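In: mind looking at a prediction? Sequence and model below.
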Amino acid sequence: MLLTKLQQLQVDEGSVAICFLGQAGFLFKSASEQYVIIDPYFSNVCEERIGPAFKRLMPSLIDPEQVDELKLAAYLMTHHHEDHLDPVGIVQMNNKAFTFYAPPASIDCLKELDIPTSRCIPIAEGDTVRIGDDLTIHAVFADHGELAPDAVGLVIEMSGTTIYHMGDTCYDAEAFHRIADTFDIDLVIAPINGKFGNMDETDAVKAAEILNPKCIIPCHFWMLPGNSGGDVAGFLEQMREKLPHIQPRFMTLGEITLLR
Ligand SMILES: Nc1ccn([C@@H]2O[C@@H]3COP(=O)(O)O[C@H]3[C@H]2O)c(=O)n1
């Protein structure tokens, strides 16, 4: 149902539809009807592999098989942890007429799932990938520590907009200044869980001050009790007080918003 809604949505030139899938997962649709998915978490594999505190609280609103039917322009992953690279969901995608772009440890996981090498493109900080006329992906800094040394953030340019999905990262003012100097960012998607080295809501506000986007969407909250803290209300309050010129968009699960 959610995907039907997204497919029926008219996206005007110069706009991108952003659909929040929960945790760090997002699905983007451009005016030219290109779909890009990033870090979707479809299953409950974190509880199975890590333990009961990692049981998912929110249902997945999309089936991997349905996503497959969208004929994605790109399936992007910021790193290999299961809530970003869902091995259960990925093997349920039957046709797989799309390419994965992900850091090397993630590519290794895909190969273990028997995804052909021809469909796995490794990316690292500093890489740029152009896909057709209207989609460019830049792999940028992320610091997720020893848990995922090759983790990246991703800057996605599509339909005349620039979206920066920060991936899982700590706060690093110097690195964020470099990114702000390189890209004119419309939307930042920032983790706020404050666990396993990730930024919390205060860090996300400080990052927004440096990156200076038009709007910011918080993510990585309330999905897995063991790994999804995050004070959304505190984030919204701090944004209102400190950065009133930047629009925070708190998205509910399955919500679709238009970025212009
Ligand atoms: N006991 C644990 C706790 C956490 N984890 C993983 O560590 C990751 C840190 O951030 P993440 O990438 O959102 O996902 C976490 C778990 O997969 C794990 O594998 N075992």
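Out: Sure, I can see it. Numbering: from 1, shown residues only.

In: dump the helix or strand bottoming out on mean pLDDT in the chain to PDB, restricted to CA.
Out: None of the helices or strands of the chain scores lower by mean pLDDT, DSSP states H and E than helix 64-69, at a mean of 93. Provided in PDB are the C-alpha atoms of helix 64-69 (Å, rounded to 0.1, in the frame of the first residue of the first chain):
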ATOM      1  CA  PRO A  64      11.300  -6.600  -0.300                       C
ATOM      2  CA  GLU A  65       9.500  -8.200  -3.300                       C
ATOM      3  CA  GLN A  66       7.500  -5.000  -3.800                       C
ATOM      4  CA  VAL A  67      10.600  -2.900  -3.700                       C
ATOM      5  CA  ASP A  68      12.100  -5.200  -6.300                       C
ATOM      6  CA  GLU A  69       9.300  -4.300  -8.600                       C
END
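
In: mind listing what's buried in it?
Out: Going by neighbour count (16 or more other Cβ atoms under 10 Å), the buried part of helix 64-69 is 64, 67-68. All C-beta atoms are positioned from the backbone trio N, CA, C, and that covers glycine.

In: what about the nearest residue to Asp172 once chain neighbours are set aside, which SS state?
Out: Once flanking residues are discounted, Asp172 sits nearest to Asp143: 5.8 Å by Cβ to Cβ, 6 or more residues apart in numbering. Put simply, Asp143 is coil when judged by DSSP: H, G, I helix; E, B strand; the rest coil.

In: mind listing the helices for the chain?
Out: 2-8, 45-49, 64-69, 87-91, 104-112, 173-182, 201-211, 232-242 (DSSP state H).
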